[in-house]
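> following is a predicted model, sequence given first.
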Amino acid sequence: MEDEREQTPNEVIIPGYRYTCLKCETQDPVREALEEAQADQARHRQDAHSGMEPMVGDPIVEAEYDRKPALAEEDPPAPKAEDPVQLWQWIGFGIIVLIVLNFLFGK
Ligand SMILES: [Zn+2]
């Protein structure tokens, strides 16, 4: 089975935090900041458990908040075909210069 948190080379996973209540078998959405998940925890404990901590636990677990395409190295490297073209352009330019110099001073 494939791990859904596997990070592909073209994606960056943004980590986050999710509050879960094992007593109620519920969970809040994944938050980007730990403080937000802690706020969820405090709110749920107050609303559902009169401010008390469930004995079976209500941990904040790390979860995938988001994933974004990696910007770097997304495009394949540019082909190096320009260098030979430039080399031939320089050779042609050199030949033309030699012809002109020969025409001007060769006589
Ligand atoms: Zn609960």
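Now that the structure is in, tell me what you want to look at.
> first-to-last residue distance for stretch 49-58?
11 Å (CA to CA, to the nearest Å).
> so for it, what's the average pLDDT?
Confidence over stretch 49-58, taken as the mean pLDDT, stands at 96.
> mind listing what's buried in the helix or strand hosting Ala37?
In this assignment (DSSP states H and E), Ala37 forms part of helix 34-49. For helix 34-49, burial by neighbour count (16 or more other CB atoms under 10 Å) applies to Glu36, Ala37, Asp40, Gln41, His44, Arg45. Just so you know, the C-beta spots here come from the backbone N, C-alpha and C atoms, and that holds for glycine as well.
> just those residues now: which is nearest the ion?
Using CB to the ion, His44 comes nearest to the ion of these, at 5.6 Å.
> now do the contacts for the spatially most central residue of the chain.
Central residue check for the chain by CA atoms, centre = their mean: the C-alpha nearest the mean position is that of Val12, 2.8 Å away. Shown in contact with Val12 (CB atoms under 8 Å, 6 or more residues apart in numbering): Arg67, Lys68, Pro69, Ala70.
> before I go, just wanted to say thanks for your time.
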